[in-house]
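In: Pasting the sequence and the predicted coordinates here, then a few questions.
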Amino acid sequence: MQVNVIFFGVLSDVVGKNMLTIQDTGNMTDLKSKLITNYPNLKDYTYRMAVNQQMVEDNYLLFDNDSVAVMPPFAGG
Amino acid sequence: MNARNYFIQGAIDPVFIGEQIAKHSSKHDIGAHSIFLGQVRADEKVGKHVAGIEYSAYEDMANQAFSKIREEAFEQWPLNCLHIYHSTGLVKTGELSLFVFCSSGHRKESIKAMKQIVEGIKHKVPIWKKEIMEDKSVHWVQE
């Protein structure tokens, strides 16, 4: 199983890309630790995550082909 | 899933704003319009001025958030109309990036509603801005 991760705002510069695929991850806590292992600089940033466009908490279960957005604080207007 | 699009590519043209106001002259139950315009400031950072802002968004999710803000405003206030337009892409200093236009029978409702709508846009919509400085260096705005 795999999930698609999309980075927004400053975080797309931090990881150097807008999108990537992560294999074999079951929930948000696990996904976060995989992301931080691959991109340690993420630790220095505040961000929230959404799955399929809904904000979710850390224990949220992930399913195959879920779309996970990693978003810094919003700054519209 | 969500057909409505609140985004305009680039700056919002003041002529478009005038046209939107004119369109409401046939709605005779309206007695008050509130209009909020967001404009790009030439902030100074480490000796350099902002030349423009590049707006980016998670557009599908942002459009849903804008729709929810509209629905909540209509539930809470007796509004006749509410229109929201937000820029995406580059908006130069002095140009407009946000246009919110709400109308009601009387002034108090549209004024109160506008404050709440603009705060909602600031805090609930996944939009980000990158300041482009005069020397082309960039700076992500972290609020």
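Out: It's in.
In: could you give the mean pLDDT of stretch B:59-77?
Out: Stretch B:59-77 shows a mean pLDDT of 97.
In: Outside of that stretch itself, list whatever touches it.
Out: A:50, A:53, A:69, A:76, B:1-2, B:4-7, B:79, B:82, B:84, B:86, B:88, B:102, B:104, B:109-110, B:112-113, B:116-117, B:120-121, B:124-127 (CB atoms under 8 Å, 6 or more residues apart in numbering or on different chains). From N, CA and C alone the C-beta is placed, and that goes for glycine too.
In: Among those residues, which ones are in strands?
Out: Among the contacts of stretch B:59-77, the members found in strands (DSSP state E) are A:50, A:69, B:7, B:79, B:82, B:84, B:86, B:88, B:102, B:104, B:127.
In: which one of the residues you listed sits closest to A:Y60?
Out: Set against A:Y60, the nearest of the ones in strands among the contacts of stretch B:59-77 by CB to CB is A:A50 (9.9 Å).
In: roughly how far apart are that closest one and A:N18?
Out: From A:A50 over to A:N18 the distance is 15 Å, taken as CB to CB, to the nearest Å.
In: Compare the two (neighbour count), which wins?
Out: Applying other CB atoms under 10 Å in any protein chain shown to A:A50 and A:N18 shows that A:A50 carries more neighbours, namely 19 against 13.
In: give the contact list for the more buried one.
Out: A:A50 sits next to A:56, A:68-69, A:71, B:58, B:61, B:126 when contact means CB under 8 Å, 6+ apart.
In: Neighbour count added to the residues you listed, as JSON lines?
Out: Listed next are the contacts of A:A50 as JSON lines, based on neighbours: other CB atoms under 10 Å in any protein chain shown:
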{"residue": "A:V56", "neighbour count": "18"}
{"residue": "A:V68", "neighbour count": "22"}
{"residue": "A:A69", "neighbour count": "24"}
{"residue": "A:M71", "neighbour count": "21"}
{"residue": "B:Y58", "neighbour count": "21"}
{"residue": "B:M61", "neighbour count": "21"}
{"residue": "B:P126", "neighbour count": "26"}
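In: Please name whichever of those scores lowest on pLDDT.
Out: In terms of pLDDT, the weakest of the contacts of A:A50 is A:V56, which scores 93.
In: Let me know the helix or strand that A:V5 is in.
Out: Here A:V5, judged by DSSP states H and E, is contained in strand A:2-7.
In: what residues does whichever helix or strand comes after that strand touch?
Out: The helix or strand immediately downstream of strand A:2-7 is helix A:10-15, counting by DSSP H and E. With CB under 8 Å, 6+ apart as the test, helix A:10-15 has contacts from A:7, A:18, A:35, A:38-39, A:41-42, A:45, A:47, A:70-72, B:128, B:130, B:140, B:142.
In: Now, of those residues, which are buried?
Out: Buried members of the contacts of helix A:10-15, counted by 16 or more other CB atoms under 10 Å in any protein chain shown: A:7, A:35, A:39, A:42, A:47, A:70-72, B:128, B:130, B:140.
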